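Trainee: what follows is a protein structure lacking sequence information:
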């Protein structure tokens, strides 16, 4: 009986480990995969005429690690985001719905360009969706 | 004699006026520092000359963050993220020429000449 319980326990533990759902961060390709998505998204943001006023005179080298850390945290990755809240960091930028939509569209395109499956794209977008209330102020 | 007195009084008055108009404001400026605003992703002054040990107050009047920094061999400073309404106070302890920039907005720059007393 004891042996049977031990076998069941070990089998259960092994099964649980094998079936653990990978985090969204892992599903997006971990550090390298997410970095590629962020890199492509920022390239699109910095060249999108709809976002010219927002990204003109912004230091991409300063922005990209912060952007990555935020996305990493949102996707349950092992990152610490030390920046301010979305509301605080976007306050005064007067971002309207059209510009927010442009940011989302470019992000979707960045994920397409990195062959992120549609289901994963939606999972990330769903986690980022609550940001809209903090960012859109006009 | 009385004409000499009147002339001396006039010279004294002129000196007093000069002290009030020129020297006292400079002294006050030196004590409180030069104020430079950060407005519309730019510094409101492109060049400032101050005495060694002088202060520049960078006042963020924009509605978003700035981050003032100086990166030179003999003087370094970083305000880190500076929220709207915050003032970064920078004391220039060495004489020389320095470029002040913003980490977030790369087109922002200002030249500071620090001269010895």
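Mentor: Received it, and whenever you're ready, just let me know what you need. A quick note: this is a predicted structure, and the numbers were derived from the prediction, not measured.

Trainee: CA atoms for contacts and neighbours, from now on please.
Mentor: Fine.

Trainee: residue A:38: what secondary structure?
Mentor: When classified by DSSP: H, G, I helix; E, B strand; the rest coil, residue A:38 comes out as helix.

Trainee: hang on, it packs against residue A:68?
Mentor: Yes. The pair residue A:38 / residue A:68 is scored as a contact, 6.2 Å apart, by C-alpha atoms under 8 Å.

Trainee: ok, now which ones touch residue B:57?
Mentor: Residue B:57 is in contact with B:33-36, B:87-90, counting by C-alpha atoms under 8 Å, 6 or more residues apart in numbering or on different chains.

Trainee: what about residue B:74, neighbour count?
Mentor: Per other C-alpha atoms under 10 Å in any protein chain shown, the neighbour tally for residue B:74 reads 10.

Trainee: which residues of chain B lie near chain A?
Mentor: Where chain B comes near chain A, counting by C-alpha under 8 Å from any C-alpha of the partner chain, the residues are B:41, B:62-65, B:103-107.

Trainee: from the residues you listed, which land in helices?
Mentor: Among the residues of chain B next to chain A, DSSP state H puts none in helices.

Trainee: any idea which helix or strand comes after the lowest-mean-pLDDT helix or strand in chain B?
Mentor: Least confident helix or strand of chain B, by mean pLDDT, DSSP states H and E, is helix B:24-32 with a mean of 51. As assigned by DSSP states H and E, the chain's next helix or strand after helix B:24-32 is strand B:34-39.

Trainee: what mean pLDDT does that next one get?
Mentor: Averaging pLDDT along strand B:34-39 yields 96.

Trainee: tell me the secondary structure at residue B:88.
Mentor: Secondary structure, three-state DSSP: residue B:88 is strand.

Trainee: so it bridges to which residues?
Mentor: Counting by DSSP bridges, residue B:88 is bridged to residue B:58.

Trainee: can I assume it is in contact with residue B:77?
Mentor: No. Residue B:88 lies out of contact with residue B:77 (C-alpha under 8 Å); the separation is 10.3 Å.

Trainee: mutual contacts of the two, please.
Mentor: Residues touching both residue B:88 and residue B:77 by C-alpha under 8 Å, 6+ apart: residue B:68.

Trainee: who's more crowded, those two?
Mentor: Neighbour count, other C-alpha under 10 Å: between residue B:88 and residue B:77, residue B:88 has more, with 21 against 14.

Trainee: now for the helix or strand where residue A:44 lies, which elements pack on it?
Mentor: Counting by DSSP H and E, the element that carries residue A:44 is helix A:30-47. Helix A:30-47 is packed against helix A:52-55, helix A:60-74, helix A:97-113, with contacts defined by 3 or more C-alpha pairs under 8 Å, 6 or more residues apart in numbering or on different chains; DSSP states H and E.

Trainee: much appreciated, bye for now.
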